[in-house]
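# 3D, please:
(one chain, ligands or ions: 1)
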Amino acid sequence: MLGKDLIQEIDFGALYREQCRRSSFGARTSADWDRRAERRSRGEGDRDYDRALLARLDLTGARTALDIGCGTGNLAIPLAKVLRKVHALDFSPEMLRYLEINRKRAGVDNVVVHRLAWTDSWKGVPAADVVICSRALGVEDLRGALEKMHRKAKVRCYATLHAGGSYLGEDVLALLDRNMEPRPDYVYAVNVLYQMGVKARVDFLRSRGGLGYASAEDFVGAVRWRVGALSRKEEARLRKFYRALPREADGRRRYRHDFEWALLAWEKGPR
Ligand SMILES: C[S@@+](CC[C@H](N)C(=O)[O-])C[C@H]1O[C@@H](n2cnc3c(N)ncnc32)[C@H](O)[C@@H]1O
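Okay, here's the model as predicted:
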């Protein structure tokens, strides 16, 4: 008989929670995400990411999808064009308001919206062939969330998580007078899945993210959104940095930096 592997004794869920607690990048509420909705819907950010992720989804045998943390519909709407039905779940009312605008504009009528948080009961959310959670696993209970995804899937799951643990580029991090502690990155999820008996495939996507900012205040506010209160010195440096950014045709200055995302994929299989 084969003995127990030591890795099974490590509580990756607890390690993940501890790293979340230490991280300089705090948890976001639905009100925080509401404030991001207009910008995301405007198509700022990284459309290259959407294209890269959609190209990697295997929809063989799939007629339905559940998109968790769907935001303004940047993935749910293109998926609705090729599937019979897409269930789009998010806890931010503003994200869902923009999803509705974008859905109508795209002329699709097969997206069912669920305004729910990860921690709510998902009793009313039907199982779907493919379950996707793209960049929306900002949860405290990682194992609980991955199990919830797995339970809702009939065929396969996809989750993208940050690789590297910083949502700001090195150039901006260097302007902050603090030791920045990373967010827990994807490797916790790989291990939690392993302990659930799920063998996830891991692939990587790179995107060049970045939003446009109408003013230095706007830019400083976005950094504050990520890391919390800033000192006067940090704010002054960030304003100076902002003024050196290139101005685009719409008058905004755009801060761009590279992101690396881990794409975890797994088949439902018998459990
Ligand atoms: C970074 S955006 C990702 C949007 C889209 N999936 C994408 O990859 O472009 C994160 C989304 O997850 C949602 N979200 C974050 N935490 C959540 C939670 N606890 N429950 C439900 N939705 C959540 C936010 O409202 C936001 O729309």
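# where in the stretch 1-150 of the chain is pLDDT low?
By pLDDT under 70, the low-scoring segments of the stretch 1-150 of the chain are 43-45.
# residue boundaries of the helices in it?
Per DSSP state H, counting those that start in this stretch, the stretch 1-150 of the chain carries helices over the ranges 12-22, 30-41, 47-56, 76-80, 93-106, 142-152.
# turn the ones you listed into CSV, columns for distance to the ligand and mean neighbour count.
Bear in mind the C-beta positions are built from the backbone N, C-alpha and C, glycine included. Converted to CSV, those look like this (distance: least, C-beta to the nearest ligand atom, whole Å; neighbours: other C-beta atoms under 10 Å):
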stretch, distance to the ligand, mean neighbour count
helix 12-22, 12, 16
helix 30-41, 3, 16
helix 47-56, 7, 15
helix 76-80, 8, 23
helix 93-106, 4, 17
helix 142-152, 8, 19
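# helix/strand/coil for residue 250?
Put simply, residue 250 is coil when judged by DSSP: H, G, I helix; E, B strand; the rest coil.
# going forward, the N-terminal residue is numbered 661.
From this message on, residue numbering opens at 661, which makes the last subject residue 910.
# the closest residue to it other than its chain neighbours: what secondary structure?
Once flanking residues are discounted, residue 910 sits nearest to residue 872: 6.6 Å by C-beta to C-beta, 6 or more residues apart in numbering. Under three-state DSSP, residue 872 falls in the strand class.
# follow-up on the earlier one: for residue 895, which of the helices of the stretch 661-810 of the chain is the nearest?
helix 690-701 (18.6 Å; C-beta to C-beta).
# which other residues reach the closest one?
Surrounding helix 690-701, the residues in contact under the criterion C-beta atoms under 8 Å, 6 or more residues apart in numbering are 705, 731-732, 734, 750-755, 757-758, 761-762, 777, 871, 885.
# go with 6 Å
Here helix 690-701 makes contact (C-beta atoms under 6 Å, 6 or more residues apart in numbering) with 731, 732, 751, 752, 754, 755, 758, 871.
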